[in-house]
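A.B. asks: Okay, structure incoming, though there's no sequence with it:
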């Protein structure tokens, strides 16, 4: 993003810079092991960047409840470890060669090492929670991990399935994305001692923001700039994922267009020509535009959840984050 939106995000990052730096130190400081490949592979992934969106949401949600301190930094690290573990596992399942514009870990160290280091990060995350957070936070994150697994399994079962529905899509993205983002916000609330209506509000904010985040990611796979996203276009289609922009386009597509999309999904190889044809159908029926609009609706629902909190800079920052993610191009 350029201009005002990027400036707004920079203001948020500047405001929480001390907290994010503390969280980053914990992230990099807890991947030590006598097994050399663990810090090597983990360090490679963490050095490759990433948005640190989930750690920021933990920190910002706790700050909205009035807490800025070490427990939020530890919980932020936990969130990033869980998220990174799922990325390592996903790249193996999806047979991905790249991640964030670089060679994926499984491409360098192999599938076995990637899966096992992902397991290590999950174990470290739960060790840190047991040692530093309360039982409720542990329960919330454990539930999110279960939903993550369910979402990925459902996505695997629905891969290359031309009969995937919008309901199927939402069940998948709740598990693979929205559940963890919701948990990040809820744990932030718990760390700050927020219960009842306020805890539920942050949980709902995270869920709706998670939906918006994933829908935008799926739009960028069809119509983004690979230099900004760090991923080649058409990855989802190549992996057999039927995402919301495509589903919206198929709702209005002709019989011949639907047949062509089905053939592209089931083809042994998604050639550039086939992808171009699918993208043309999506463009013709405004699939990306309609999906972006749906993402904006989720962002506004997220904002509405924050109505239980009084006006404050911390509340405005969370509002800005929800609205920023639906306009991003990378």
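C.D. replies: Great, that's in hand. Since this is a predicted model, take the numbers as computed values, not measurements.
A.B. asks: need the contact list for the residue nearest to residue 71 when sequence neighbours are not counted.
C.D. replies: Nearest residue to residue 71 in three dimensions, chain neighbours excluded: residue 191, at 4.9 Å (CB to CB, 6 or more residues apart in numbering). Glycine gets a C-beta too; all of them are placed from N, C-alpha and C. Residues counted as contacts of residue 191 (CB atoms under 8 Å, 6 or more residues apart in numbering) are 58, 62, 65, 67, 71, 72, 75, 133, 137.
A.B. asks: quick one: which of the residues you listed sit in helices?
C.D. replies: Those of the contacts of residue 191 mapping onto helices are 58, 62, 71, 72, 75, 137, per DSSP state H.
A.B. asks: Leaving out chain neighbours, which residue sits closest to the fourth one?
C.D. replies: Which is residue 72. residue 62 (4.1 Å).
A.B. asks: For that neighbour, give its distance to residue 69.
C.D. replies: Residue 62 is 8 Å from residue 69, where distance means CB to CB, to the nearest Å.
A.B. asks: So which of these two has more stuff around it?
C.D. replies: Taking neighbours as other CB atoms under 10 Å, residue 62 and residue 69 compare with residue 62 leading, 30 against 14.
A.B. asks: Hmm, the more buried one is touching residue 74, no?
C.D. replies: No: counting by CB atoms under 8 Å, residue 62 does not reach residue 74; the two are 10.9 Å apart.
A.B. asks: quick one: contacts for residue 172?
C.D. replies: Taking CB under 8 Å, 6+ apart, we find residue 172 in contact with 151, 154, 155, 158.
A.B. asks: give me that answer again for 10 Å
C.D. replies: Neighbour list for residue 172: 150-158, 164, 178, 214, 241-243 [criterion: CB atoms under 10 Å, 6 or more residues apart in numbering].
A.B. asks: what's the answer for residue 156, then?
C.D. replies: Contacts of residue 156 (CB under 10 Å, 6+ apart): 93, 94, 172, 239, 240, 241.
A.B. asks: let's go with 7 Å and repeat that
C.D. replies: residue 93 (CB atoms under 7 Å, 6 or more residues apart in numbering).
A.B. asks: can you pull the buried residues of the helix or strand harbouring it?
C.D. replies: Using DSSP states H and E, residue 156 sits within helix 135-158. By 16 or more other CB atoms under 10 Å, the buried positions in helix 135-158 come out as 137-138, 140-141, 144-145, 147-148, 150-152, 154-155, 158.
A.B. asks: Next: stretch 91-98.
C.D. replies: Neighbour counts over stretch 91-98 (16+ other CB under 10 Å) mark 91, 92, 93, 94, 96 as buried.
A.B. asks: again with stretch 36-56
C.D. replies: 38-42, 44-46, 50, 52-56.
A.B. asks: what residue ranges in this structure are flagged as low confidence?
C.D. replies: 1-7, 49, 230 (pLDDT under 70).
A.B. asks: all strands of it, in order?
C.D. replies: Counting by DSSP state E, the segments of the chain that form strands are 98-99, 102-103.
A.B. asks: Of those, which is nearest residue 209?
C.D. replies: strand 98-99 (22.7 Å; CB to CB).
A.B. asks: Report all helices and strands that the closest one contacts.
C.D. replies: Packing contacts for strand 98-99, counted by 3 or more CB pairs under 7 Å, 6 or more residues apart in numbering; DSSP states H and E, involve no helix or strand.
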